[in-house]
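1. okay, sequence plus prediction incoming.
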Amino acid sequence: MVIVVPGRIWEYIVAGLAIILAPGPSVLFTIARAIAFGRATALATVLGNSLGMFTVSVAVALGLGPIFQHHHLIYISMQWLGALYLVYLGIEAITHSRAHATAMTDLKEDKPSFWQAVRQGYTVGVLNPKGIIFFAAILPEFADSAKGHLTAQLVLMGFIFVFLGFFCDGAWGALAGTLRQWLAANPARLVMLRRIGGAVMILLGLITFTNSLLH
């Protein structure tokens, strides 16, 4: 496959990092595993989730790349869908922050082995419909249609996102595993993390929508 680097790749990396670092669904899942089972299980979960997300990103790129290449209206529509979806995720994160915090500290299952945690993380990553929508709707905003090879661009951006996500989510898991007692002792701390993540996602959604109108 031809390697084509989009012209706005650094903007994409910054936006991707903002989404990854914000306490969204994958981060909260990792933190929940760290609180319940410790750092090793959290990191194994991150590995599995990253592999699952990359599987999804490649599948979406191969399926949608040719469509975006030849149908500009669909290309723009997916950008708008991605912007609205980010805003929706942000609102949901804020309005359900307390329920999410409670669920994170209420795991009663037995501690999984390393490979069980990897498999569980992979299943969550590959079956998560939010991942499909993200890769289908957000990545096109940063692809460079003038350079062509949109499928290759989407695959590259999917890999970059998963690569960054592995290290950032892994850092969250390691930190949460170290501070597991501190986080679990006061649910308000988890509520605040969820609300901050929600605000960041709303902001990114609005920026994505504005940029789509300017291109």
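-> Thanks, I have it.

2. how near is residue 176 to residue 191?
-> Relative to residue 191, residue 176 is positioned 15 Å away (Cβ to Cβ, to the nearest Å). C-beta here means a position set from N, CA and C on the backbone, and glycine is covered the same way.

3. same check on residue 205?
-> Taking Cβ to Cβ, one finds residue 205 at 21 Å from residue 191.

4. out of these two, which sits in the busier spot?
-> residue 205 (21 against 17; other Cβ atoms under 10 Å).

5. which SS class is the more buried one?
-> Following DSSP: H, G, I helix; E, B strand; the rest coil, the label given to residue 205 is helix.

6. mind checking pLDDT for residue 54?
-> What the model reports for residue 54 is a pLDDT of 90.

7. touching, it and residue 159? I think so.
-> Yes - look at residue 54 against residue 159 with Cβ atoms under 8 Å: they come within range, at 6.7 Å.

8. quick one, which of those two is more surrounded?
-> residue 54 (22 against 14).

9. in what helix or strand does the more buried one lie?
-> For residue 54, the host element (DSSP states H and E) is helix 39-70.

10. tell me the helices and strands packed up against the next helix or strand after that helix.
-> Downstream of helix 39-70, the first helix or strand assigned by DSSP H and E is helix 72-95. In terms of contacts (3 or more Cβ pairs under 8 Å, 6 or more residues apart in numbering; DSSP states H and E), helix 72-95 is packed against helix 39-70, helix 129-137, helix 187-214.
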